[in-house]
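Engineer: coords please:
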Amino acid sequence: SLDFGSTVNGAFALAPNTGGLTIFGGPVGNAIALASLTTDAGGTTTIHGGSVTTTGAQTYNDAVTLGADATLTSTAGGNIAFSSTLNSDGTPRALAVNTGGTTSFDGAVGGASALASLTTDAAGATAINGGSVTTTGAQTYNDPVTLGADTTLNAGTDIVFAAAPNSLDGTLMHLVYHDA
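Structural biologist: Reported below is the predicted structural model:
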């Protein structure tokens, strides 16, 4: 396991690799943004610090758990990718993703433990490839959304798209949504 118990800052690439748990206990890149952040496919990552800021990409190759409300930001338009599942820690947590690049959800979001809300900014794009997103509150997609698989969106309140979602390659995808 790797436990970053406090803040992590510096204009460098960080690639924690462990088959266990990677914990970000404090803000990441809040004073000096990291160049990039990449976790390996083994293990899990928990974000407790509330924010992760990079100038480039953030790639979470393992399952991610939010232990606090979180804002993930790439200041120079790097992609922010969740290659596996994304869940709250049992208490619904809000997630905001801000990048001029692509935000991709390749696994189920909130499937095991719902997020409180999910918001993407207007810059960039969002790719939902994991089949489902579940929140207890709103889902707000301020950038264009592409579906890479049949998708079910479950929200306790509103689901808002800035533009109509499209499929990845023109293939017909089914979108089912349930909101208040």
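Engineer: give me phi/psi at the residue most central in space within the chain?
Structural biologist: In the chain, the residue lying closest to the centroid (C-alpha atoms, centre = their mean) is F82, at 5.7 Å. Dihedral angles of F82 (phi, psi; degrees, to the nearest 10) stand at phi -110, psi 100.
Engineer: do the same with G19
Structural biologist: When read as degrees, to the nearest 10, the backbone of G19 gives phi -80, psi 0.
Engineer: wait, it sits on T39?
Structural biologist: No - in this structure G19 lies outside contact range of T39 using C-beta atoms under 8 Å: 11.4 Å. Glycine gets a C-beta too; all of them are placed from N, C-alpha and C.
Engineer: When those two are compared, which one has more neighbours?
Structural biologist: Remark: of G19 and T39, T39 carries more neighbours, 25 against 11, as counted by other C-beta atoms under 10 Å.
Engineer: The more buried one: what's it in contact with?
Structural biologist: 15-17, 22, 45, 59-62 (C-beta atoms under 8 Å, 6 or more residues apart in numbering).
Engineer: Which single one of those residues is nearest to D158?
Structural biologist: The nearest member of the contacts of T39 to D158, counting by C-beta to C-beta, is Y60 at 26.5 Å.
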